[in-house]
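Trainee: Return atomic coordinates for the entry below.
(one chain, ligands or ions: 2)
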Amino acid sequence: MSGGTAALIVAGGRGTRMGADLPKQYLDIGGRTILARSVSAFLDLPDIAVVQVVIAAGDEALCADALRGLNDARLRPPVPGGATRALSVRAGLDALADAGPDHVLIHDAARPFVPAEVILAVLAALGDAEGAFAALPVVDALWRADGDRDYAPVPRAGLYRAQTPQGFRFDAIRAAHARAPADAADDVEVARAAGLEVRLVEGSEENFKITTEADLRRARRHLDAP
Ligand SMILES: Nc1ccn([C@@H]2O[C@H](COP(=O)(O)OP(=O)(O)OP(=O)(O)O)[C@@H](O)[C@H]2O)c(=O)n1
Ligand SMILES: C[C@](O)(CO)[C@H](O)COP(=O)(O)O
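Mentor: Residues are numbered from 1 along each chain as shown. Ligands and ions are numbered 1, 2, ... in the order given. Coordinates of the predicted model:
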């Protein structure tokens, strides 16, 4: 493959905040794993030419079980990530280099309900920007708390909650990640530090990240919703 758009699904975390017996991306929701749902969201789109999953070293059997039945030539064998999300992204970008994509959409495996329209909106924005990401405005009052008695209001005007996918020109984000700190919060931070122009596009409340057990209950309710 040369050109086109790659999807990079980061699944190298341990899910410590979930506190489950398995890393959260391998948990089943409604008969499919979180990882399989996230990967399928991109395989369902003909716009995606190749999908690369990044896992923690040693998770190969868990990943194979999680993705069993996903027989799509665009899905590459998983590669090992790193100790942080940024290092996992870097490993995934390096693994994609031989495919030579024009663009890459970087997505958390922990966001299994990403709507196609959000993915396509990020992809469309890459038509005339070096990067684009899904985000939602903060709509609740924000407080900075120190314990349950000492807190102060935080102005929320102009604040957004970043989601994924976060999409970029492939060569630009790969070069940026090669120089990025291992603790970069997300790929927008890496891109902007490298001077890339990154657009914000509307995300979705359906595109929530499964982080804690409460999110797992929310996800199961989401599937039952009419
Ligand atoms: N070293 C890491 C850490 C995180 N991730 C991925 O980045 C996404 C967002 O990270 P997060 O929700 O924080 O997942 P975990 O790191 O697994 O969660 P926790 O912080 O609770 O351990 C997840 O799909 C996770 O698998 C990754 O690929 N490599
Ligand atoms: C990248 C991200 O999804 C943007 O909101 C989020 O930062 C990933 O979760 P983490 O807990 O920060 O690893």
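Trainee: Near Glu213, how many residues? Count them for me, please.
Mentor: Glu213: 13 surrounding residues under other C-beta atoms under 10 Å. Heads up, the C-betas are built off the backbone N, CA and C, glycines and all.
Trainee: Please list all residues in contact with it.
Mentor: Glu213 makes contact with Met18, Gly19, Ala20 under the criterion C-beta atoms under 8 Å, 6 or more residues apart in numbering.
Trainee: so what's the nearest residue to Ala7 once chain neighbours are set aside up against?
Mentor: Closest residue to Ala7 apart from its sequence neighbours, by C-beta to C-beta, 6 or more residues apart in numbering: Phe42 at 3.9 Å. By C-beta under 8 Å, 6+ apart, the contact set of Phe42 is Ala7, Ile9, Ile48, Val51, Leu105, His107, Ile119.
Trainee: which SS state does Phe42 fall under?
Mentor: Following DSSP: H, G, I helix; E, B strand; the rest coil, the label given to Phe42 is helix.
Trainee: so what does the biggest strand by length in the chain touch, helix or strand wise?
Mentor: Longest strand of the chain, by residue count under DSSP state E: strand 160-169. If contacts are counted by 3 or more C-beta pairs under 8 Å, 6 or more residues apart in numbering; DSSP states H and E, strand 160-169 sits against strand 103-108, helix 116-125, strand 131-137, helix 187-193.
Trainee: Please enumerate the strands of this protein.
Mentor: Using DSSP E, the strands found in the chain span residues 5-11, 28-29, 32-33, 48-55, 79-80, 103-108, 131-137, 142-146, 150-154, 160-169, 198-202.
Trainee: Tell me the strands beside the last one, with direction?
Mentor: The strands beside strand 198-202 in its sheet (DSSP bridges) come out as strand 131-137 (parallel).
Trainee: Run through who's touching stretch 55-62.
Mentor: Stretch 55-62 is contacted from outside by Ala11, Gly12, Gly13, Arg14, Leu22, Pro23, Tyr26, Cys63, Pro78, Val79, Pro80, Gly81, using C-beta under 8 Å, 6+ apart.
Trainee: need the residues of the protein near ligand 2, please.
Mentor: Arg85, Asp108, Ala162, Gln163, Thr164, Ala185, Asp186, Lys209 (C-beta under 6 Å from any ligand atom).
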